[in-house]
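S.K.: need a 3D model of the following:
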Amino acid sequence: MKYLVLLIILSLSGRLFAQNLQLHYDFRHSIDPLHYSQNFPTLYFEYFKAMDSTSSFVKPGSFFMKIEDDLEGDQDNIGKSFIQVSQTFRMWRPKIFAAVQYSGGLGVTNPAQYSYYINNCFSIGPSYPFQWKGAYFNAEIFYNYNILKKPSNDLMLSFYWGKGFWNYKVEFAGDFELYTLNRNQGDMATQNLKGKTVSFFGEPQVWFKVKGGLSLGSKFIMYYHVIIPQNLFEVYPTIAARVKF
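M.R.: Next comes the predicted model:
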């Protein structure tokens, strides 16, 4: 995974204008020791490129990439790694874009035989960026093709918001995803299940600028039917530092 990260960073080095590196400390074991065995740091790298104003027939919209590494392995090694890449574009006048997206990853456990994949997911759908009262929003509806042992055809609603106050000395941002997934995923544990499960993931966050590109803040990671199959809504806060460069 580290070679993939390096390759992506080098390939973008000539046009990196809006990227940030975040280090979080996740307190989920302290809050929920029944389901989680430890607190752990998480490293994020995010890159965002705004809409291109080109006059070409195909007009590129925004590009976004996020790489997340949870340092939950032995001796704080990477225990889970996740990547998400999305691009929007349009060939028409209304500012509703077509969006394509990929996400996937893996997790390493101890003992190693319980290691797992975060299944590949390819997504396509309409994307609508807009502004309201100085805040930035983006709403998307995706068709998801989840590549499980038994592939799953699903829908996902994705929503992003962001707003800065006092010349971005304080910043509120975040996103959430509401999506479906087959209960029967083609493995022995789920082979007798039927129908769809509905899942929710969110990560609202707040940042306070310290100096230059350095900010301190917190993210609230929210899960429902993402990690734990029970009907349990989970919220885990972090403390974090972020560098924009």
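
S.K.: quick check: longest strand of this structure.
M.R.: In terms of residue count, the longest strand belonging to the chain (DSSP state E) is strand 116-132.

S.K.: which parts of that strand are buried?
M.R.: 119, 121, 123, 125, 127, 129 (16 or more other CB atoms under 10 Å). Using the backbone N, CA and C atoms, a C-beta is placed for each residue, glycine as well.

S.K.: residue 91: which of these is nearest?
M.R.: Using CB to CB, residue 127 is the member of those that lies nearest residue 91, at 13.8 Å.

S.K.: can you tell me how far that closest one is from residue 224?
M.R.: Residue 127 is 24 Å from residue 224, where distance means CB to CB, to the nearest Å.

S.K.: and if you look at residue 169?
M.R.: Residue 169 sits 33 Å away from residue 224, going by CB to CB.

S.K.: one more: residue 185?
M.R.: For residue 185, the distance to residue 224 - CB to CB - is 18 Å.

S.K.: ditto for residue 207
M.R.: 25 Å.

S.K.: hang on, the earlier thing: kindly export the longest strand of the chain (C-alpha atoms) in PDB.
M.R.: Taking Å, rounded to 0.1, in the frame of the first residue of the first chain, the C-alpha atoms of strand 116-132 are listed here in PDB:
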ATOM      1  CA  TYR A 116     -10.300  -9.400   5.300                       C
ATOM      2  CA  TYR A 117     -10.900  -7.400   2.200                       C
ATOM      3  CA  ILE A 118     -12.900  -4.200   2.000                       C
ATOM      4  CA  ASN A 119     -14.600  -5.200  -1.200                       C
ATOM      5  CA  ASN A 120     -14.000  -3.300  -4.400                       C
ATOM      6  CA  CYS A 121     -16.900  -1.000  -5.200                       C
ATOM      7  CA  PHE A 122     -17.500   0.800  -8.500                       C
ATOM      8  CA  SER A 123     -20.000   3.600  -8.500                       C
ATOM      9  CA  ILE A 124     -21.700   5.900 -11.100                       C
ATOM     10  CA  GLY A 125     -24.400   8.500 -10.800                       C
ATOM     11  CA  PRO A 126     -25.400  12.200 -10.900                       C
ATOM     12  CA  SER A 127     -23.600  14.800  -8.800                       C
ATOM     13  CA  TYR A 128     -24.900  18.200  -7.900                       C
ATOM     14  CA  PRO A 129     -22.400  20.700  -6.300                       C
ATOM     15  CA  PHE A 130     -24.000  24.000  -5.000                       C
ATOM     16  CA  GLN A 131     -23.500  26.800  -2.500                       C
ATOM     17  CA  TRP A 132     -25.900  28.200   0.100                       C
END
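
S.K.: contacts for whatever helix or strand comes next after that strand, please.
M.R.: Going down the chain from strand 116-132, the next helix or strand is strand 135-146, by DSSP states H and E. When contacts are defined by CB atoms under 8 Å, 6 or more residues apart in numbering, strand 135-146 is touched by residues 62, 99, 101, 119-131, 151-163, 179, 181-182.

S.K.: now with 6 Å?
M.R.: 99, 119, 121-130, 152, 154, 156-163 (CB atoms under 6 Å, 6 or more residues apart in numbering).

S.K.: that strand pairs with which strands, parallel or anti?
M.R.: Applying DSSP bridges, strand 135-146 is found paired with strand 116-132 (antiparallel), strand 152-165 (antiparallel).

S.K.: as TSV, those with mean pLDDT and distance to residue 146 would be great.
M.R.: Output for the strands paired with strand 135-146, formatted as TSV (pLDDT from 0 to 100; distance: least, CB to CB, whole Å):
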stretch	mean pLDDT	distance to residue 146
strand 116-132	95	5
strand 152-165	97	4
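
S.K.: so which of the ones you listed is nearest residue 76?
M.R.: Closest among the strands paired with strand 135-146, using CB to CB: strand 116-132, at 19.8 Å.
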